[in-house]
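Undergrad: Quick one: sequence and predicted model below, then my questions.
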Amino acid sequence: MYIDKFLKTHRTPMLDAEDVAAIDASASRTTTFNARQIFIRQHTPLSQCTLLLDGFVERFKDTPEGRRQILAIHVPGDFVDLHSYPLKRLEHSVAALTDIKVVLFPHAAVRELTARSATITELLWKSTMIDAAINREWIVSIGARGAAVRLAHLFCEMFVRLERAGMASGNQFDLPLTQVDLADATGLTAVHTNRMLRQLREDGLVAFRQGVVEIFDWPRLRAFAEFDPTYLFVD
């Protein structure tokens, strides 16, 4: 079943067996992309939506000076471009952070699904609204939180999201990003990111080593990050 990971992380409203089967039957094909490969370019016409099955994905924009701002990090079970269904193109680009596997849903099939079931429509709409809520929280981080707090908040968010997807083991989880990626996601320089990571580790909160995050003290990390997970709308 293609959408089992999506349903694992988006549990309400619940779909009946017929709706689940209809979504799975609407998939056109699966495909893979290599790490760091851009597979959706901004302003390019789109006719399908992409559901991430394995790996990590970034949505981003590059400035004319070559500075990258990562706008979102997607994990297995996320639609990375569901909003392309009504918009038909994106104003940003999407790239694989790791080797990834995706399944594609033609826009025509998405239209048929939303016409078929109000519950499917609500579930897909809800998933895009959660994406928007995450984006707003990232804006707050970049605009109003200190550097170390930004990183701590990102680690807290990814822990909750990956735990929900069954991809965390205890207080550890894989986050296969570089320090440059972390900098691009939090609006920091790579040098500043390195210093803040060292501070978080020395303060006994969290460590980030070779793409693995280890949380030493979850209650203290949450408090330091000012992390309130309600914006994730975890059911």
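TA: Done, it's in.

Undergrad: With only the CA atoms kept, save stretch 175-186 in CSV.
TA: Taking C-alpha atoms only, stretch 175-186 is exported to CSV below (Å, rounded to 0.1, in the frame of the first residue of the first chain):
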residue,chain,number,x,y,z
LEU,A,175,18.6,13.3,10.3
PRO,A,176,20.9,13.0,7.3
LEU,A,177,21.6,16.6,6.9
THR,A,178,24.9,18.5,6.8
GLN,A,179,25.8,21.4,9.0
VAL,A,180,25.3,23.6,5.9
ASP,A,181,21.8,22.2,5.5
LEU,A,182,21.0,23.0,9.1
ALA,A,183,22.4,26.5,8.5
ASP,A,184,20.2,26.9,5.4
ALA,A,185,17.1,25.8,7.3
THR,A,186,17.7,28.1,10.2
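
Undergrad: what does that stretch contact?
TA: Residues from elsewhere that reach stretch 175-186, judged by CB atoms under 8 Å, 6 or more residues apart in numbering: 56, 58, 60, 68-70, 73, 97-98, 138, 141-142, 147, 150-151, 154-155, 158, 162, 188-190, 192-194, 197, 208, 211-213. Where you see a C-beta, it was placed from the backbone N, CA and C, and this is true even at glycine.

Undergrad: Domain-wise, how is this protein divided?
TA: As recorded under automatic domain parsing, the domains making up the chain are 4-136, 146-232.

Undergrad: Roughly how far does the residue nearest in space to the middle of the chain sit from L87?
TA: Central residue of the chain (CA atoms, centre = their mean): H74, 2.3 Å from the mean position. Distance of H74 to L87, computed by CB to CB, to the nearest Å: 17 Å.

Undergrad: counting contacts, what elements does the longest helix seen in the chain pack onto?
TA: With residue count as the measure and DSSP state H as the assignment, the chain has helix 118-144 as its longest helix. Other helices and strands packing on helix 118-144, by 3 or more CB pairs under 8 Å, 6 or more residues apart in numbering; DSSP states H and E, are helix 17-26, strand 68-74, helix 107-116, helix 147-164, helix 179-186.

Undergrad: Which one of those lies nearest to I40?
TA: strand 68-74 (11.6 Å; CB to CB).

Undergrad: State the mean pLDDT of that closest one.
TA: In this model, strand 68-74 has a mean pLDDT of 97.

Undergrad: Good, we can wrap up now.
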